[in-house]
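**Student:** here are the coordinates; sequence isn't available:
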């Protein structure tokens, strides 16, 4: 009788432990899913949408360039890419992590734009344009800006280091209506 009791007790104990472990594992997975879903809600995310739009114009007569490829280059890696329409207009959208923003003296978080630039490939030439320095809005909503490039030059074969180079600053960041 004692062996039967011992076997029965061990079997019940193992079943109970298995059930407890299963419940613990399920609880951990559910908790992980809830935390991840909360991080993706607007305002709780560590990623921010960057909207860029502009127009590619050529020559003194400002002729729109259609079919030009515009690419957002982040630390020498290609990000979002688009092709200009018949009016030379282009739009890019990319998500940037919180690490791409640094706190400023005015208590706003500013885009680290020294590693972000636009590459424009048109008519067999490649041009690079620095990305303006913009700040996140107080609400941490999505933000966007319109950049006007007056003149661009092809990138030189030998890169020169410019120690006093300061990235352009956007004049008016604007909220997107998304």
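**Tutor:** All right, it came through fine. Treat the numbers as computed from the prediction; the structure is a model and nothing was measured.
**Student:** for the chain, give me the ranges with low pLDDT.
**Tutor:** Counting by pLDDT under 70, the chain contains low-confidence residues at 1-2, 13-14, 16-17, 38-46, 132, 135-178.
**Student:** how's it carved up into domains?
**Tutor:** Taking automatic domain parsing as the domain assignment, the ranges for the chain are 1-39, 47-175.
**Student:** which stretches in the chain count as helices?
**Tutor:** With DSSP state H as the criterion, the chain has helices at 2-39.
**Student:** all strands of it, in order?
**Tutor:** Taking DSSP state E to define them, one finds strands in the chain at 47-55, 57-58, 63-64, 69-74, 77-83, 89-97, 101-103, 109-111, 116-122, 125-130, 143-146, 174-175.
**Student:** let me have these in TSV, extended by mean neighbour count and distance to residue 27.
**Tutor:** Placement of C-beta: from N, CA and C, glycine included. Output for the strands of the chain, formatted as TSV (neighbours: other Cβ atoms under 10 Å; distance: least, Cβ to Cβ, whole Å):
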stretch	mean neighbour count	distance to residue 27
strand 47-55	18	28
strand 57-58	16	59
strand 63-64	13	59
strand 69-74	19	39
strand 77-83	14	38
strand 89-97	16	29
strand 101-103	12	35
strand 109-111	20	36
strand 116-122	19	42
strand 125-130	15	49
strand 143-146	19	38
strand 174-175	12	40
